[in-house]
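> Show me how the following folds:
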Amino acid sequence: MTDKQDDVGVFSVLIQRLETQRLPKLLELKARVDQGERLTEHDLHFLQEVLTDAKHAHPLIAQYPQLDPLASKLTTLYREITETALMQALPELVAQMGEITRMGVSLQLAVPLFVNEGDTIRVDTRTGAYVTRV
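All right, here's what the predicted structure looks like:
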């Protein structure tokens, strides 16, 4: 088999997987996150698989410029799903990180919720970030 025949074989497998598995699931995820649903661990695993597939397909796409529009549309779909999901999860992530605490007059930083007013804490003076409760 020639390299060109190998490329055609790989390309046909990737297109079949895209049409039968990846694209329908991506469109379903997009619809769900657009309705405000959270991504599950299974969904995140699927998105990681899609990203891995894209990395493996990159050399083939670079070799065949006619695939650029398809790759661009898939990249946009992936980005829209992940950005929407992140924006929905952001308030919860911030809450898990902790609350913003005022230190003296000029320093504010995020600390875990278990830190109480009056507790002594260690702050990294290089970054201004909370390190630990002392």
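
> longest helix of the chain?
For the chain, the longest helix by residue count, based on DSSP state H, is helix 68-97.

> Who are the contact partners of Thr84?
Residues in contact with Thr84 (CB atoms under 8 Å, 6 or more residues apart in numbering) are 30, 33-34. Where you see a C-beta, it was placed from the backbone N, CA and C, and this is true even at glycine.

> Out of those, which is nearest to Pro59?
Lys30 (26.9 Å; CB to CB).

> And the pLDDT for the closest one?
Model confidence at Lys30, given as pLDDT, is 94.

> so how far is Leu77 from it?
Using CB to CB, to the nearest Å, Lys30 is found at 6 Å from Leu77.

> Same question for stretch 72-80: list its buried residues.
Residues of stretch 72-80 classed as buried by neighbour count (16 or more other CB atoms under 10 Å): 74, 77-78.

> cool, stretch 22-35 as well?
Across stretch 22-35, burial judged by 16+ other CB under 10 Å covers 22-23, 26, 29-30, 32-33.

> Would you state the helices of the protein in chain order?
3-17, 23-34, 41-63, 68-97.

> highest average neighbour count across the ones you listed?
helix 23-34 (a mean of 15; mean count of other CB atoms under 10 Å).

> Which neighbouring elements make contact with that one?
Counting contacts by 3 or more CB pairs under 8 Å, 6 or more residues apart in numbering; DSSP states H and E, helix 23-34 packs against helix 41-63, helix 68-97.

> Considering those helices, which stretch scores lowest in mean pLDDT?
Of all those, the segment with the smallest mean pLDDT is helix 68-97, scoring a mean of 80.

> Who are the contact partners of the residue nearest to Asp68 when sequence neighbours are not counted?
Of all residues not flanking Asp68 in the chain, Ile61 sits nearest, at 6.8 Å (CB to CB, 6 or more residues apart in numbering). By CB under 8 Å, 6+ apart, the contact set of Ile61 is 67-68, 71.
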